[in-house]
Each structure stands twice: as C-alpha cells, then as structure tokens.
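Provide a 3D model corresponding to the input given below.
(one chain, ligands or ions: 1)
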Amino acid sequence: MTGDGRAGAVAVTRRAKNPVLAARKVLEETDHVLLVAPEEAVLEGWGVETVDPEYFVTESRRQQLSSVRAGVLAQSRHGTVGAVALDLAGRVAAATSTGGIVNQHRGRVGDTPVVGAGTYARDGVVAVSCTGEGEAFIEGAVAHDIYARMRYAGAALPDAVRATIDTELNGRGANGGLVAVGADGRVVVAHNSPAMFAACEEAGELVTLT
Ligand code: ASP
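As a prediction, this is how the structure comes out:
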C-alpha cells in the first residue's frame, strides 16, 4: 500500500515468485485492490516471474506442518516478511508477504492482503506491516487501528502501537508483531510473540533491531 491511499494485493497465490510484485501490478494495472489466485498467464502478462508451487515448500515448513498435525507444536505456525518505508519526500509505504499459517484451512485468507488488517500506510501518519495470527489482525483491523489512534486521537506512534497490541492482540489472546514507521521517521518494532526479527537502515548501514 502506498501512503497516498492506494493498495494492491493478491491472496492464495501459488505461482508468483515475489507476491509483493504481483500485488503492485494489481495496484498499477487493474481497477481492483485484491485478486485471489491470480492466473499464471495474467502474472506473466504483467511481467511477474512465476515458479512451480514446489518452490515455496521448505524443509522447515514441512517439519512445522508435521509437528502441528501431530499436536506437538501449538505456536510458531506463522512466518511473514514485511517492510515499511519513508522516502525523502515524506511518502510512506508498506508491503507484507506471507505463506499463511501452517495447517490452515484450504481457501483461508489471512490478514496480510487485507488492507487495514495486516498492512496499512497513509502519508503524514504511518506505515504498518504486521505478522501473527491473522484472524485477530483482521478482527481488530490492527494496522488501521494504529493509524486511527494516531490520526484521530493524536497518539504518538509508540503509544498507538502499545495500545493496539494490548487491546486487539493481548485482548484476543492472539500473538504477533509489527514494524511501523511514522511520518517523522520514527521506527517502532513491537511483538507479543516469542520472537520477531527486524532490521532497519541507518545512514546506509543495516542495523539489526531484534
Ligand atoms: N499473518 C499471517 C496469516 O495469518 C501469518 C504470519 O504472519 O506469518 O496468514
């Protein structure tokens, strides 16, 4: 999503090598916001690189799946990559890409492609990208909730993030986290999940945050 209020998203995509690039094409090439299961020919027509679905199967995810099915692993069913950015002109953007949660119901769509749930960005306020138990992020409209606290209640970014995590994640017994950048360049990384890796660039250097 770009901070001017436009968004593109894909869900249940098995062939786009980089789903965020496919999402960007939805924003740029269609009148729509969210496409489900985009066809290979459509992706190729947009110049988006496609791969065999096996490309996304990794040994660690395969093991997670067996553990969850065997009832051994209740947590750590997720794994998402997200990014937020602020450019020199003060414009913000957010992008999120996920494999969903392990052992999810066929046809499930999580929060990641749902604008306002797992991803949100508005210039002058904030860009947010989330990871975690998607159902809570959808029900709590988490990314938009942070934006709304800042936009309408004048909350500072760290306070907005804290309040949203408390109300919409802790309050629902769900776990996850997010990265956010405010219009002033302030970066906030927060999670109530056991771990979340994050890094940002400062003066051309990559700085690991968690
Ligand atoms: N939020 C994603 C989903 O629920 C999972 C994740 O963050 O790893 O589909």
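
And the average pLDDT for stretch 29-40 is what?
Stretch 29-40 shows a mean pLDDT of 97.

try stretch 178-192
Mean predicted confidence for stretch 178-192 is 97.

hmm, who's touching that stretch?
82-86, 90, 92, 123-132, 142-143, 146, 150, 157-158, 161-162, 165, 169-170, 175-177, 196, 198, 200, 209-210 (Cβ atoms under 8 Å, 6 or more residues apart in numbering). Glycine gets a C-beta too; all of them are placed from N, C-alpha and C.

Which ones among those residues map onto strands?
Among the contacts of stretch 178-192, DSSP state E puts 82-86, 92, 126-132, 176-177, 200 in strands.

List the buried residues for the helix or strand of the chain with the lowest mean pLDDT?
For the chain, counting by mean pLDDT, DSSP states H and E, helix 59-69 ranks last in confidence among helices and strands (a mean of 87). Neighbour-count burial for helix 59-69, counted by 16 or more other Cβ atoms under 10 Å, picks out Gln64, Ser67, Val68.

Tell me if it is near the ligand.
No - judged by Cβ under 6 Å from any ligand atom, helix 59-69 stays clear of the ligand, getting no closer than 10.9 Å.

quick one: the residue lying farthest from the centre of the chain from the ligand, how far?
Within the chain, Ala70 marks the point farthest from the mean C-alpha position, 28.0 Å out by Cα atoms, centre = their mean. Counting by Cβ to the nearest ligand atom, to the nearest Å, the gap from Ala70 to the ligand is 20 Å.

Mind listing residues that contact the strand or helix carrying Val42?
Using DSSP states H and E, Val42 maps to helix 40-45. By Cβ under 8 Å, 6+ apart, the residues outside helix 40-45 that reach it are Arg15, Ala16, Ala22, Lys25, Thr50.

in that helix, what counts as buried?
Residues Val42, Leu43 are the ones in helix 40-45 that count as buried (16+ other Cβ under 10 Å).

Ok, stretch 150-162 next?
For stretch 150-162, by 16+ other Cβ under 10 Å, it's Met150, Ala155, Leu157, Ala160, Val161, Arg162.
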